[in-house]
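[1] I need the structure of the sequence given here:
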Amino acid sequence: MDVGELLAYQPEKPGQKRKIGIENEVSEKAASTSTKKGKGKANNEAKKAKPALKQPEHSTPDQGISVSAAEREKILKLLEEEPEVEPFDENMLRKMILQFEKKVIKNQEMRVKFPDSPDKFMESELELNDAVQELHVVATQPDLYPVLVELKAVQSLLGLLSHENTDIAIAVVDLLQELTDVDSLTESEEGANILIDVLNEHQVIALLVQNLDRLDEAVKEEHDGVHNSLAIVENICELRPEFCTIAARQNLLQWILKRFKAKIPFNANKLYASEILAILLQDDDENRKLLGEIDGIDVLLQQVAYYKRHDPQTSEETEYMENHFNCLCSALLYAPNRAKFLKGEGLQLMNLILREKKASRTGAIKVLDFSLQGDEGAENCAKFVDILGLRNLFPIFMKPSKPRSKASASREEIEERIVSIVASLLRNCAGQQKQRILAKFTENDHEKVDRLIELHLKYKEKVAVVDEEVNKERKTLRNYGDIDEEQEEEFYMKRLDAGLFTLQLIDYAIVDVTVDGPPSIHDRVMQLLNMRNETAKTIRNILREYAENIGDDNDEEARKREQQKLFDLVEKFC
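    So this is what the prediction gives:
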């Protein structure tokens with residue numbers, strides 16, 4: 001179809017609007033061209049063009065709007081004169097960078113020459129902003145990133161992050177966000193590595209943090225600048241997880257905590273900052289240690305304290321709240337932070353949250369679980385009993401609350417967390433605190449013992465289903481040879497994920513309360529096992545397997561000590 005046929009074709013109403021739009025564009029271009037010859041002539045041209053936009057009275061939608069020969073000729077001429085788009089290549093990039101560098105230098109000179117006359121350097125600033133915008137095309141071709149680095153354009157861009165005009169700095173942040181976009185970086189591994197290396201070498205995070213300190217989020221453009229700055233961090237950390245430690249050392253962790261403490265209403269940037277903090281703490285002990293050293297535990301506790309009596313208003317705010325609880329859990333994996341959590345009255349806060357029964361309750365249960373685990377959690381366990389935490393814990397043990405939404409933790413997940421907390425309390429408490437826990441299992445005709453046996457049967461059934469699958473896989477693999485240690489470990493991990501770990505904790509609690517508790521608990525356990533055709537041998541076997549796999553391989557002495565303690569407990573259970 002040639003251009004003439006294209007213009008003559010007119011669908012019903014949608015086509016009619018398209019036709020008018022084209023003719024308007026032609027009229028505007030013609031008027032714009034004629035301004036060089038005189039304003040009056042341009043106005044006359046516009047007036048002459050108007051009748052052509054009106055639909056003749058006798059025409060119908062099917063007939064369309066007639067196009068004059070002169071207008072047809074103008075359209076053909078415009079199409080012929082339209083330049084062909086050249087493919088963007090290395091030579092074009094070099095020219096673009098050269099022009100960009102010239103505009104950087106010109107702007108610097110104008111600012112030095114006329115520091116108190118913005119009108120004198122404003123034009124150079126606009127040109128510089130345009131030059132930065134033009135560089136966005138490079139993000140579409142990551143294979144050209146080495147050229148960008150070779151010509152030191154990245155250094156020039158990083159230098160502009162401290163530009164006196166925040167608009168220029170924000171434009172650079174926007175560009176860096178596109179250049180580091182994960183989809184772009186994965187297209188060229190070589191280009192990605194070269195770009196990230198030079199960004200790291202010139203401390204991009206430190207420069208971004210300095211720029212963040214002067215941005216006012218009440219201004220939309222600067223609000224977007226904050227968001228894009230955090231996106232750069234996320235992009236680089238996703239490609240290189242080791243960058244998380246570097247980012248935290250360059251004051252990003254301090255800025256995030258400062259951002260949380262600021263009296264600013266909840267917004268998208270506050271949510272994003274909580275996500276970045278979760279990423280920084282996820283698998284990095286160095287960052288967890290740094291968080292504790294700069295009083296980050298207290299800041300996180302202050303943030304979740306608001307949700308003690310208030311529920312989040314939106315799904316985004318719910319995610320923000322959950323991110324803070326997750327950050328606390330990650331921080332508590334570094335053992336010395338548990339002492340800071342205790343000193344900051346984190347246990348008291350979690351206990352109050354349990355009592356209030358708000359949306360934050362699930363997060364508090366998770367944090368309690370992390371704070372009480374292991375030998376390092378012994379002091380926290382004793383304190384939890386002293387502050388009457390058992391009074392709020394055991395009602396949830398008896399009947400876990402239903403999830404408030406699809407995104408919330410499942411009832412089963414809450415159940416598993418509570419079992420883990422009970423097991424930690426039994427393992428770490430001694431003396432008066434231990435007796436208070438055991439006394440709970442005698443209340444209301446041993447209802448909590450009944451609950452333990454009920455959970456044992458439930459999770460034993462779940463594990464039995466997976467054991468059957470694993471045995472079939474073993475049988476198949478044996479037909480092709482021996483099963484190596486790595487495959488056995490995979491089988492064990494599969495069973496743990498299916499509920500074996502929770503079953504082990506349940507059975508530990510059963511054995512512990514039976515051995516250390518009053519005789520009435522022992523009698524009730526044996527009675528219930530006989531009623532369900534269960535034997536003590538089943539529980540002993542589960543705990544022996546637990547003992548063989550317990551402990552930290554890095555601390556062989558502690559591991560053997562914990563194993564022996566479990567074996568002794570199993571021998572006393574009958």
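[2] make it CA atoms for all contacts and neighbour counts henceforth
    Will do.
[3] neighbours of Glu293, how many?
    Around Glu293 there are 12 other residues, counting by other CA atoms under 10 Å.
[4] apologies, that question was intended for His136.
    The local packing of His136 (other CA under 10 Å) involves 17 other residues.
[5] could you do Val419 as well?
    21.
[6] so it makes contact with Thr502?
    Yes: taking contacts as CA atoms under 8 Å, Val419 lies within contact range of Thr502: 7.2 Å.
[7] can you give the contact residues for stretch 376-395?
    Stretch 376-395 has contacts (CA atoms under 8 Å, 6 or more residues apart in numbering) with 335-336, 338, 342, 347-348, 351, 354-355, 371-372, 418, 424-425, 428-429, 433, 436-437.
[8] output that stretch in CSV, but only the C-alpha positions, please.
    Provided in CSV are the C-alpha atoms of stretch 376-395 (Å, rounded to 0.1, in the frame of the first residue of the first chain):
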residue,chain,number,x,y,z
GLU,A,376,23.3,-17.5,73.6
GLY,A,377,19.5,-17.4,74.2
ALA,A,378,19.7,-18.7,77.7
GLU,A,379,19.6,-15.3,79.4
ASN,A,380,16.7,-14.3,77.3
CYS,A,381,14.8,-17.5,78.1
ALA,A,382,15.1,-16.8,81.9
LYS,A,383,14.0,-13.2,81.4
PHE,A,384,11.0,-14.2,79.3
VAL,A,385,9.7,-16.4,82.1
ASP,A,386,10.4,-13.7,84.7
ILE,A,387,8.3,-11.1,82.8
LEU,A,388,5.3,-13.6,82.8
GLY,A,389,5.7,-14.4,79.1
LEU,A,390,4.3,-17.9,79.6
ARG,A,391,0.9,-16.4,80.3
ASN,A,392,0.7,-15.0,76.7
LEU,A,393,2.6,-17.8,75.0
PHE,A,394,0.7,-20.9,76.0
PRO,A,395,-2.7,-19.8,74.9
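[9] so which bits of it are buried?
    Using 16 or more other CA atoms under 10 Å as the test for burial, stretch 376-395 gives 376-385, 389-390, 392-394.
[10] pLDDT on that stretch, on average?
    Stretch 376-395 carries an average pLDDT of 95.
[11] end to end on stretch 352-364, go ahead and measure it.
    From its first residue to its last, stretch 352-364 covers 9 Å (CA to CA, to the nearest Å).
[12] what separates that stretch from the chain centre, distance-wise?
    Here stretch 352-364 shows a centroid-to-chain-centroid distance of 23 Å under the convention CA atoms, centre = their mean, to the nearest Å.
[13] next one: stretch 549-560
    That offset, for stretch 549-560, works out to 33 Å (CA atoms, centre = their mean).
[14] who's in contact with it?
    With contacts defined as CA under 8 Å, 6+ apart, stretch 549-560 is touched by 562-563.
[15] got the CA positions of that stretch in CSV?
    What follows is stretch 549-560 as a C-alpha-only set of coordinates in CSV (Å, rounded to 0.1, in the frame of the first residue of the first chain):
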residue,chain,number,x,y,z
ASN,A,549,22.6,-34.1,63.2
ILE,A,550,22.5,-31.4,65.9
GLY,A,551,25.1,-28.7,66.5
ASP,A,552,27.5,-26.5,64.7
ASP,A,553,30.3,-28.2,62.7
ASN,A,554,32.6,-25.2,63.4
ASP,A,555,32.4,-25.9,67.1
GLU,A,556,33.0,-29.6,67.5
GLU,A,557,33.3,-29.5,71.3
ALA,A,558,29.9,-27.7,71.8
ARG,A,559,28.4,-30.1,69.3
LYS,A,560,29.5,-33.2,71.2
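[16] now, of the contacts of stretch 376-395, which are buried?
    Here, 16+ other CA under 10 Å leaves 335, 338, 342, 347-348, 351, 354, 371-372, 418, 424-425, 428-429, 433, 437 buried among the contacts of stretch 376-395.
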